[in-house]
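Asker: Return atomic coordinates for the entry below.
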Amino acid sequence: MSRTSNLSRPIIEALYSEALLLADEVRAVFALGTREPENGEASDIRLALSTEGLKTTTRMMHVLAWLLNQRAFFSGELSETQVRLHGTLPSDRGADPKALEVLEPETCALIAETERLHERIARLDEAWRCGFEMASPARAIHSRLKRRIEDLG
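Answerer: Coordinates of the predicted model:
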C-alpha cells in the first residue's frame, strides 16, 4: 500500500468495499462449519474450522467496525475525538499453525488474506493516530516489535 499523508474518503471507501467482499467470502466458507459433521469427518478438522472460523470472522468484524467508524467520521456523524477515543482497531489474534495444517489450502489462503487486511488497517490506524508523522525506520521496527510482544503477553 502506498504511503499517504492522511486518510481520505476514497481510501476508506475502497478498503470498505474490499473488506465487504472478503467478509462475504469468509461467511461463505465458514458457514459450512455450522453444518452437521459428515460420517468419518475428523474432529480435528471440525475443531479447526470452528476456532479459525471464529477468529477470522471476528477479525473481519473488527476491520469493518473500524472502517464504519471512519466512514461515520467522514460523514460528520462522529467527531475526530469520538473516533480517537472509541474507534481503535483491536489487535489481531493470528491463526493457529496446527489448525491450518488440517484445513484446505484455499481456506488457509482466505485466513491469510484476512490477516493481511487487518495488518494494513492496523498500520493505517496507527499512522492516523500519530498524525502520519514519519518516524525513523528503527523506531517503526521498535514500535512493531513492542506491539507484537504486547499481543503475545
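Asker: mind checking how far the spatially most central residue of the chain is from L64?
Answerer: For the chain, the residue nearest the mean C-alpha position is H118 (2.7 Å; Cα atoms, centre = their mean). When distance is defined by Cβ to Cβ, to the nearest Å, H118 is 11 Å away from L64. From N, CA and C alone the C-beta is placed, and that goes for glycine too.
Asker: Can you name the next helix or strand after the helix or strand harbouring T58?
Answerer: According to DSSP states H and E, T58 maps onto helix 43-74. Sequence order places helix 80-86 as the next helix or strand after helix 43-74, per DSSP H and E.
Asker: So what touches the helix or strand following that next one?
Answerer: Of the helices and strands lying after helix 80-86 in sequence (DSSP H and E), the nearest is helix 97-102. Here helix 97-102 makes contact (Cβ atoms under 8 Å, 6 or more residues apart in numbering) with A42, D44, I45, L47, A48, T51, E52, C108, I111.
Asker: one more time with 7 Å, if that's ok
Answerer: Contacts with helix 97-102, where a contact means Cβ atoms under 7 Å, 6 or more residues apart in numbering, come from D44, I45, A48, T51, E52, C108.
Asker: average model confidence for that helix?
Answerer: Across helix 97-102, the average pLDDT comes to 94.
Asker: Counting neighbours, which bits of it end up buried?
Answerer: By 16 or more other Cβ atoms under 10 Å, the buried positions in helix 97-102 come out as A99, L100, V102.
Asker: Next: stretch 56-64.
Answerer: T56, T57, R59, M60, H62, V63, L64.
Asker: Now for the residues you listed: which two are most distant?
Answerer: Spanning the widest gap among the buried residues of stretch 56-64 are T56 and L64, at 12.6 Å by Cβ to Cβ.
Asker: which stretches of this structure have low pLDDT?
Answerer: Residues of the chain meeting the criterion pLDDT under 70: 1-5, 32-41, 132-137, 153.
Asker: Okay, R46 and A23: tell me how far apart.
Answerer: On the measure of Cβ to Cβ, R46 and A23 end up 22 Å apart.
Asker: Compare those two (neighbour count), which wins?
Answerer: Using other Cβ atoms under 10 Å, the more surrounded residue of R46 and A23 is A23, with 19 against 15.
Asker: Nearest residue to the more buried one in space, please, no chain neighbours.
Answerer: Of all residues not flanking A23 in the chain, M60 sits nearest, at 4.5 Å (Cβ to Cβ, 6 or more residues apart in numbering).
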